[in-house]
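Chemist: Show me how the following folds:
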Amino acid sequence: MPPTPSPVVVAILAPLVMWRFYSRFKRLTTRQRSRTWRHRTTLVFFPLLLLMVGLASMAAPWALVALACGLGLGGTLGRLAISKTKFEKVGDDEFYFTPHGPIGMAVAALFFGRLGYRAWEFYAHGAASHHEFVRSPLTMLIFGIMAGYYMLYAVGLLSWRKRAANQLTHAS
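Modeler: Numbering: from 1, shown residues only. Okay, the predicted model is just below:
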């Protein structure tokens, strides 16, 4: 039987993970300042992560198909969420947005639920089961949904910022 992670490791990691869940869900429902560097970072980070995950799952064609389907579904959800987001411009250079909570929370809950299941599987079965991560079509589908959602949402935020800045220059 493979070794299982120590209960001490689990006791240390569990509160950290719960805190990240809470902070992620809170950000999905409250007013936030729009920062272009953050949106651009999303548009660099996720494609790189998708490339790495895609390359790692080359031996599992169904996982790649699921990843592609997830990207499409996530992109659709991101586009819907951005259309329901509340935007506001304060002064000349401050931009704020309030995300549409239900869609973002559903995407985050789906991802964190799958992540939690995989963590339980790792704890219950040991390190022997973790190599299947990028070969699982369900995991890749859910990861694709999350990546597609966040990338399209970031594109929508940058697009809004650009339109708002153009309106400001044309009004002057």
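Chemist: Which residue lies nearest the spatial centre of the chain?
Modeler: Closest to where the C-alpha atoms of the chain average out (C-alpha atoms, centre = their mean) is residue 146, at 4.2 Å.
Chemist: show me what contacts it?
Modeler: By C-beta atoms under 8 Å, 6 or more residues apart in numbering, the residues touching residue 146 are 70, 74, 107, 108, 110, 111. The C-beta positions use only the backbone N, C-alpha and C, and glycine is treated the same way.
Chemist: can you do 6 Å?
Modeler: 107, 111 (C-beta atoms under 6 Å, 6 or more residues apart in numbering).
Chemist: how near is it to residue 110?
Modeler: Applying C-beta to C-beta, to the nearest Å, one obtains 7 Å for the distance of residue 146 from residue 110.
Chemist: go on, residue 47?
Modeler: Using C-beta to C-beta, residue 47 is found at 21 Å from residue 110.
Chemist: now do residue 149
Modeler: Taken as C-beta to C-beta, the spacing of residue 149 relative to residue 110 amounts to 10 Å.
Chemist: and if you look at residue 58?
Modeler: Distance, residue 58 to residue 110, using C-beta to C-beta: 25 Å.
Chemist: what about these two, which has more around it?
Modeler: When neighbours are counted by other C-beta atoms under 10 Å, residue 58 and residue 110 differ, and residue 110 comes out ahead with 18 against 10.
Chemist: With adjacent residues omitted, what lies nearest to that one?
Modeler: Beyond its immediate neighbours in the sequence, the residue positioned closest to residue 110 (C-beta to C-beta, 6 or more residues apart in numbering) is residue 142, lying 5.5 Å away.
Chemist: How many neighbouring residues does that neighbour have?
Modeler: By the measure other C-beta under 10 Å, the count of residues near residue 142 is 24.
Chemist: which ones are touching it?
Modeler: When contacts are counted by C-beta under 6 Å, 6+ apart, residue 142 touches 110, 111, 114.
Chemist: so the residue nearest to the centre of the chain, which of the three states?
Modeler: For residue 146, the secondary-structure state derived from DSSP: H, G, I helix; E, B strand; the rest coil is helix.
Chemist: I'd like to know how far it sits from residue 72.
Modeler: Distance from residue 146 to residue 72, counting by C-beta to C-beta: 13 Å.
Chemist: What of residue 99?
Modeler: Using C-beta to C-beta, one obtains 21 Å as the distance from residue 99 to residue 72.
Chemist: Give me the more crowded residue out of the two.
Modeler: When residue 99 is set against residue 72 and neighbours are counted by other C-beta under 10 Å, the residue ahead is residue 99, at 21 against 12.
Chemist: how much space is there between the more buried one and residue 89?
Modeler: Residue 99 sits 17 Å away from residue 89 when distances are taken as C-beta to C-beta.
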